[in-house]
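Student: Structural data only, the sequence is not supplied:
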């Protein structure tokens, strides 16, 4: 049996923190896992910016609720459900992603949790270190074949661990550093490549 593991942001929906940056006007929140390799460094930077500008969780939640999946994303997932077991492996947070999941047909999601006190985000709790790679490895330990797609530095471990990994519409600054990982530009091309791995 084959399992398809997909990143969320940049693959199925826009980068959530970029949307937050646009809504709040905080330019420094534009940085994402496409820009920063160290996730803890990136998150600490984000949390300090939110505190400094006194941004509430409610404000962020309202912005997230308006996010729509990329054009064709929901149809792509529906197509993939008939061919694979499907899992979304993300370094976002359930507190952020929950409004988006119904728009994608409520796929299985593994991510992290925020610590929220008095309507302020004060910290975060990782599910585990390098969670995407661990999730793929765990699936493989069950004798499942894993195909994966992502677009950022934090996807590289997952893509390398998978039986087959793809960069999906990733920037050249990332793909050029990892030329051994195949790159596809859109859902049509990814669907074509995945057809080789359908059960």
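Tutor: All right, it came through fine. Bear in mind the structure is a predicted one, so any value in this text is a computation, not a measurement.
Student: residue ranges with poor pLDDT in the chain?
Tutor: Residue ranges of the chain with pLDDT under 70: 198-199.
Student: which secondary structure elements does the lengthiest helix in it contact?
Tutor: In the chain, taking DSSP state H as the definition, the longest helix is helix 39-52. Applying 3 or more CB pairs under 8 Å, 6 or more residues apart in numbering; DSSP states H and E, one finds that helix 39-52 makes contact with strand 120-125. In this view, the C-beta of every residue, glycine as well, is placed from N, C-alpha and C.
Student: about what we covered before: of all the residues in the longest helix of the chain, which ones are buried?
Tutor: Neighbour-count burial for helix 39-52 flags 39, 42-43, 46-47, 49-50 (criterion: 16 or more other CB atoms under 10 Å).
Student: just stretch 126-136 next, same as before
Tutor: By 16+ other CB under 10 Å, the buried positions in stretch 126-136 come out as 127, 131-136.
Student: same question, stretch 108-122
Tutor: For stretch 108-122, by 16+ other CB under 10 Å, it's 109-112, 114, 116, 121.
Student: Dump those to CSV, plus secondary structure and distance to residue 56.
Tutor: What follows is the buried residues of stretch 108-122, written out as CSV (DSSP: H, G, I helix; E, B strand; the rest coil; distance: CB to CB, whole Å):
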residue, secondary structure, distance to residue 56
109, strand, 24
110, strand, 27
111, strand, 21
112, strand, 20
114, strand, 13
116, strand, 10
121, strand, 9
